[in-house]
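Student: Provide a 3D model corresponding to the input given below.
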Amino acid sequence: MKLSIFLVVLAFFLGCTQSTTTNQHHINSNTSLVELVNPLMGTDSEFILSNGNTYPAIARPWGMNFWTPQTAKNGNGWTYAYDAYKIRGFKQTHQPSPWINDYAAFSLMPVTGDLKWNENDRASWFSHKAEMALPHYYKVYLADHDVTTEFSPTDRAVAFRFTFPENNNSYVVLDAFDGGSMVKIIPEERKIIGYCQNNHGGVPSNFKNYFVAVFDKDFEEVKTWKDDELQDSNEVKSFHVGGVVGFKTKKGEQVNVKIASSFISPEQAELNLSREIGDKTLEQIKNEGAAIWEKELSKIKVEGGTEAQQKTFYSTLYRVLLFPRSFYEYDKDNNIVHYSPYNGEVLPGYMYTDNGFWDTFRAVFPFFTLMYPQLNAQIMEGLANTYKESGWLPEWASPGHRGCMIGSNSTSLIADSYLKGIRGYDIETLYEAILKNTESWMENITSVGRYGADYYNKLGYIPYNVGINENTARTLEYAYADYCIWKLAKELKRPQEEIDLFEKRARNYRNVFDPETKLMRGKNEDGTFQSPFSPYKWGDAFTEGNSWHYTWSVFQDVEGLKQLMGGNDGFVAMLDSVFVVPPIFDDSYYGGTIHEIREMQIAGMGNYAHGNQPIQHMIYLYNYSNQPWKTQHHVREVLDKLYSYQADGYCGDEDNGQTSAWYVFSSMGFYPVCPGTDEYVLGSPQFDKITLTLENGNTFVINAANNSKENVYVDNATLNGESYTKNYLKHATIQNGGEITFTMSEKPNKKRGAEPESYPYSMTNEVE
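Tutor: Numbers count the residues shown, from 1 in each chain. Next up is the predicted model:
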């Protein structure tokens, strides 16, 4: 009897165990990848603490317009907060970041009962329990108005559906926002047209976003409003205007609205509407959007891992495919044209915007060179157009030049693209623009060009004591850009004198390395190092980080940095120290604790600050030493600890796909430490199998045998069936298709990849 009971219990236990394992590691093969995406990931954020600083961007990949539910007041960059209770409207948005904020926004809001058009009064309670957010479709129940709102966008248009209750006073309010706007209601055409001009910089004087909204129900009431005054008129123009159309509705009656916009003209907005929606229903638009997203997400097929890991993977991949934004349209002859956010003219060719290259040069654009070379070429054409139209390459564009961050990182994008063999754009114009950047900067927007270029070119660094903030960070980033120029100049067969100049400047990182502390440190004009010096001081000589973070910004010559630190032992000891030192900080430069500092402090990983970009590659640098297994350990720790698909799923700003791209690359088992080289540095793949379907038709498969939460170390690897001992993969290896298999283990193999011949590229090894 006891034995029988034991066997029954054992069978039950094993059955439960097997069931749990299956649930963890397999998702139904019929499950749409789109359904794994959570657009609310990262929305549980605020000014003092970022868990992503995202909003649910309901859009097509790289669409010109996104749409989002709006919980915050007009003009507030934190447009959607997960812990908010009320929705104020459904907004067309172009916001790349809450810090940069929005432009060309307008919104719709259904209202019932007494007419409430003001954004505070019209707001309605809602619940995530009655909310559905997918990349291509959004639905929510607005409790105060008893209205269900649905919408699904195209690139430049959107289809809305409002399901009303029985009510004699049902309305749709269109808010054209402040900053100068116009609304005209045309009842006989069931149409609202107008424009909005709201922005936070980076626009010419003639900037307008022209919109057209067409309803499928006659208007029984028409009103407009300006500033704080409601009026009985069909047309209004002022600083802040809006329009209201009213109907009588039956219970469950659906009112459909089709909307499009254009930065070119009202006629182009009408053309965008007819071309992208026309007679299509919301269901048709929704199905088209789902198919488009499914196609893009399916280019990277993951197998294994937990359901939560797969959801996190595809939620981050979705974020990588949103920016930069397409800022071009198709004219009546189907030619590609764009309104220039630089000179205000309508010109031929591609234009992309809403991107900060200080963030995205690191992994987003290398992802495009790997998976989307054609898109990458179009973006390069857009960069050339930006230079022709403004005289400068962009560094932070939204939609035109904005003053934000540092560096000369457009150089990295261009060099990485061309050196990886991507063509179809004017490289000579781009190279001319790159050279201009090395000599000067834009007078009124010092983040464009190279602020402090005169000091840098003369001394080999930007001095700490000449009134240029973030000087050491600038020096390091300019030196990396000079490396990219050196490589590109050789490829373009530029004069040898020019090639030699940038080879020399690429080593300028040495000028701000302090051998006493083995860290990067501000240096005065007379050659002395800044004093006093604290490696824990954020800002000052650095950008949104401290010396522990920026010391590793020698992407181009990790071997050279390692030698400065005393070789493998000293280098590894310094890498280890980042995780060992406590999360202390000096925030005196800012006069308070900025959110990036707080996110580092609470992560429990010492002074490692993954929530901001400067240090995100640092984990991979163990591969340049005799202890690559430590990369494998730390990569999986970050993947498991600092990311999830939930509303608090990031550990800092998501930033136009960069923090997401880190997750996507790292989950695949490699990362682009140095764009401008043709190598991806190995880590620890998170999934049992990943299949990349490349644009050239080839597939590359990453297998991880014996993979599990505990088995994070690479015991050995084979590439196309042959033993593989390198700590990197070549770009061409992946593009040619094939298969790499990692055999994973719970214990590190301290011999694999420990010899110098396994190390990734460093400039020092090329020129010595």
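Student: what does the average pLDDT come to for the helix or strand in which His338 is found?
Tutor: Under the criterion of DSSP states H and E, His338 resides in strand 336-339. Summarised as a single mean, pLDDT over strand 336-339 is 98.
Student: immediately after it, which helix or strand?
Tutor: On the C-terminal side of strand 336-339, the nearest following helix or strand under DSSP H and E is strand 346-348.
Student: CA atoms of stretch 76-88 as CSV?
Tutor: Listed next in CSV are the C-alpha coordinates belonging to stretch 76-88 (Å, rounded to 0.1, in the frame of the first residue of the first chain):
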residue,chain,number,x,y,z
ASN,A,76,4.1,66.6,-20.9
GLY,A,77,6.8,64.3,-22.2
TRP,A,78,5.7,61.4,-20.0
THR,A,79,2.7,61.0,-22.2
TYR,A,80,1.5,57.6,-20.9
ALA,A,81,2.1,56.4,-17.4
TYR,A,82,1.2,52.9,-16.5
ASP,A,83,0.0,53.9,-13.0
ALA,A,84,-2.3,56.6,-14.4
TYR,A,85,-6.1,56.3,-14.0
LYS,A,86,-7.4,58.5,-16.8
ILE,A,87,-7.0,58.9,-20.5
ARG,A,88,-7.3,62.4,-22.0
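Student: quick one: the strands in the stretch 401-550 of the chain?
Tutor: Assigned by DSSP state E, counting those that start in this stretch, the strands in the stretch 401-550 of the chain fall at 513-514, 519-520.
Student: Excluding sequence neighbours, find me the nearest residue to Gly304.
Tutor: With sequence-adjacent residues excluded and distances taken as CB to CB, 6 or more residues apart in numbering, Gly304 is closest to Asp688, at 2.7 Å. Using the backbone N, CA and C atoms, a C-beta is placed for each residue, glycine as well.
Student: Quick check: that neighbour touching Asn706?
Tutor: No: taking CB atoms under 8 Å as the definition, Asp688 is not a contact partner of Asn706, at 9.2 Å.
Student: quick one: which of the two has more around it?
Tutor: Just comparing Asp688 and Asn706: by other CB atoms under 10 Å the higher neighbour count belongs to Asp688, 18 against 13.
Student: what's the spacing between that one and Tyr195?
Tutor: 52 Å (CB to CB, to the nearest Å).
Student: same question, Met109
Tutor: Met109 sits at a distance of 19 Å from Tyr195 (criterion: CB to CB).
Student: For the two, indicate the residue with more neighbours.
Tutor: Taking other CB under 10 Å, Met109 and Tyr195 do not tie; Met109 has more neighbours (28 against 24).
Student: Distance check, Arg510 against Gln735.
Tutor: As defined by CB to CB, Arg510 lies at a distance of 34 Å from Gln735.
Student: And those two? Which one has more around it.
Tutor: Gln735 (20 against 15).
Student: Tell me which helix or strand comes right after the helix or strand Arg636 falls within, heading toward the C-terminus.
Tutor: Element membership for Arg636 (DSSP H and E) is helix 629-641. Later in the chain than helix 629-641, the nearest helix or strand by DSSP H and E is helix 658-668.
Student: mean confidence score for that next one?
Tutor: 98.
Student: Could you check how far the helix or strand just after that helix is from the centre of its chain?
Tutor: Using DSSP H and E, the helix or strand that follows helix 658-668 towards the C-terminus is strand 670-671. Relative to its parent chain, strand 670-671 has a centroid offset of 17 Å by CA atoms, centre = their mean, to the nearest Å.
Student: which residues touch strand 670-671?
Tutor: Contact with strand 670-671 is made by Ala363, His617, Tyr620, Trp662, Phe665, Tyr680, Val681, Leu682, Gly683, Tyr728, Leu729, as judged by CB atoms under 8 Å, 6 or more residues apart in numbering.
Student: count of neighbours near the first one?
Tutor: A count of nearby residues for Ala363, using other CB under 10 Å, gives 27.
Student: I'd say it and Met668 touch.
Tutor: No: contact criterion CB under 8 Å: Ala363 and Met668 do not qualify, at 11.3 Å.
Student: Could you check the pLDDT of the closest residue to Val558 other than its chain neighbours?
Tutor: Nearest residue to Val558 in three dimensions, chain neighbours excluded: Tyr624, at 4.3 Å (CB to CB, 6+ apart). Listed pLDDT for Tyr624 reads 98.
Student: Hmm, Tyr759 and Tyr624 touching each other?
Tutor: Yes: using CB under 8 Å, Tyr624 is in contact with Tyr759, at 5.1 Å.
Student: chain center to stretch 391-403: distance?
Tutor: Per CA atoms, centre = their mean, the displacement of stretch 391-403 from the mean C-alpha position of its chain is 17 Å.
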